[in-house]
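Trainee: give the three-dimensional model of this entry:
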Amino acid sequence: MKGIVFTEFLELVEEKFGLAVVDKIIQQSSLASGGVYTAIGTYDFSEMLSLLTNLSDHTGTSIDDLLLTYAEHFFSVLVDSYPGLINTYQDPIELLSSIENHIHVEVQKIYPEAELPTFEVLEKTSSSLIMIYKSSRAMYSFGLGLMNKTFEHYNSSATILMEKIKEDGTEVKFSITKN
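Mentor: You can find the predicted model right below:
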């Protein structure tokens, strides 16, 4: 997992819960990296899972809710870091339907070793989108948060329904209808 995901996560934790909580979850997590991350480094997903689990235990907030909040923060990082990529699109449905064939292609150019989820578009109209998320990391709530912020970015809203195809969350169907 790319280091920017870790650095931004810890920045959000500090912003929301304070530096003491950042230190606490790093200490509790017994991380191979020691909790020292660079944005361009690559780290094992198990470290993120450990940080999330310890933050969830500390705050009483579910991991899914933490991922949702984190995704909303991370979307602003993407907009600030890659405005040309986001501003290529004039509509949230267009952006979301291009994740696999455009956005992830560009991400792979910047971070060739990035392990990205896949998004298979099953059905697309001008006001709706059905796609399947697949990832061994089961971070579908992170995907949901990014989708929510995508609509907000375009001053729009949507109803987004999630259906777990696999109980462990490694495969999830998103049905999105623009309001």
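Trainee: okay, now the unreliable bits of this structure?
Mentor: By pLDDT under 70, the chain has no low-scoring segment.
Trainee: helices along that one, start to end?
Mentor: In order along the chain, the chain carries the following helices (DSSP state H): 3-17, 19-29, 45-59, 63-81, 83-86, 92-97, 104-110, 140-153.
Trainee: gap between the residue nearest the centre of the chain and Ala114?
Mentor: Residue closest to the average C-alpha location in the chain (Cα atoms, centre = their mean): Phe142, at 3.6 Å. Between Phe142 and Ala114 the computed distance is 14 Å (Cβ to Cβ, to the nearest Å). Every C-beta, even on glycine, is put in place using the N, C-alpha and C of the backbone.
Trainee: what about stretch 12-22, start to end distance?
Mentor: The stretch stretch 12-22 measures 9 Å between its terminal residues, going by Cα to Cα, to the nearest Å.
Trainee: which of the residues in it are buried?
Mentor: Within stretch 12-22, the residues that count as buried by 16 or more other Cβ atoms under 10 Å are Leu12, Val13, Phe17, Val21, Val22.
Trainee: repeat for stretch 39-58
Mentor: Of the residues in stretch 39-58, those scored as buried under the neighbour-count criterion (16+ other Cβ under 10 Å) are Tyr43, Glu47, Met48, Leu49, Ser50, Leu51, Leu52, Asn54, Leu55, Ser56.
Trainee: among the helices of the chain, which comes closest to Val172?
Mentor: Among the helices of the chain, helix 140-153 comes nearest to Val172, with 4.2 Å by Cβ to Cβ.
Trainee: mind exporting the C-alpha coordinates of that closest one to CSV?
Mentor: Extracted as CSV, the C-alpha positions of helix 140-153 are listed here (Å, rounded to 0.1, in the frame of the first residue of the first chain):
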residue,chain,number,x,y,z
TYR,A,140,-15.4,-0.8,0.2
SER,A,141,-16.3,1.9,2.7
PHE,A,142,-13.3,3.9,1.6
GLY,A,143,-14.7,3.6,-2.0
LEU,A,144,-18.1,4.7,-0.8
GLY,A,145,-16.6,7.8,0.9
LEU,A,146,-14.7,8.7,-2.3
MET,A,147,-18.0,8.3,-4.3
ASN,A,148,-19.9,10.5,-1.8
LYS,A,149,-17.2,13.2,-2.1
THR,A,150,-17.2,12.9,-5.9
PHE,A,151,-20.9,13.9,-6.1
GLU,A,152,-20.3,16.7,-3.6
HIS,A,153,-17.3,18.0,-5.7
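Trainee: Glu8 against Ser76, yeah?
Mentor: No: here Glu8 does not reach Ser76: they are 9.6 Å apart, not a contact under Cβ atoms under 8 Å.
Trainee: ok, the two, which is more surrounded?
Mentor: In this view Glu8 and Ser76 are compared by other Cβ atoms under 10 Å, and Glu8 has more residues nearby, 19 against 12.
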